[in-house]
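>>> My questions concern the predicted model and sequence given below.
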Amino acid sequence: MDNTQKKLGEAELEIMQVIWSSEAPVPSNYILKELQARRKWQLSTLMTSLARLCGKGFVSCDRSTGSNLYSPVIPEHAYKAGTSRRFLEKLYHNSIQDLVATLYSDRAIGDSDIAELRAFLDRLEDERR
């Protein structure tokens, strides 16, 4: 994802998570049903958000079937990678160590999380060899 890619608002991210988790293009009614527990939206509200996501270049809409089917244009991994890079750069000046130190000192992560992170980093290092 490049630096010109627009950001997702909270509700837009929830919609994208439904679309990303689907293996095939999905109709708006499916998205509305999946969001029911979190959002008490009317279909018209969802349609406005989907139109905005199309305009931002996050989703495409296939109208050829008689039912609008929505597919992601930006893959989930690409969005997360770009957003994570910008977050790390903006708040921590690209220092993962500072990020982890802040989370640890604020008790947002604990010793078990640190052990899990250490094991993950060890696996990455082993794979590089």
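Arrived safely, thanks for sending.

>>> going forward, measure contacts between C-alpha atoms and count neighbours the same way
Will do.

>>> Helices along the protein, start to end?
Using DSSP state H, the helices of the chain run over 10-21, 28-35, 43-56, 76-92, 96-105, 111-128.

>>> want to throw the ones you listed into TSV with mean pLDDT?
Formatted as TSV, the helices of the chain follow (pLDDT from 0 to 100):
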stretch	mean pLDDT
helix 10-21	97
helix 28-35	96
helix 43-56	95
helix 76-92	94
helix 96-105	92
helix 111-128	93
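
>>> Out of the ones you listed, the one nearest Leu69 is which?
Minimum separation from Leu69 across the helices of the chain (C-alpha to C-alpha) falls at helix 28-35, 7.2 Å.

>>> mind checking how far the closest one is from the chain centre?
On the basis of C-alpha atoms, centre = their mean, to the nearest Å, helix 28-35 sits 17 Å off its chain's mean C-alpha point.

>>> One more: stretch 110-129?
The answer for stretch 110-129 is 24 Å, by C-alpha atoms, centre = their mean.

>>> ok so, going back, any idea which of the helices of the chain gets closest to Ser67?
helix 28-35 (8.7 Å).

>>> Contacts for the closest one next, please.
14-15, 18-19, 41, 43, 46-47, 68-70 (C-alpha atoms under 8 Å, 6 or more residues apart in numbering).

>>> Could you pull out the buried residues of that helix?
For helix 28-35, the neighbour count (16 or more other C-alpha atoms under 10 Å) marks 28, 31-32, 34-35 as buried.
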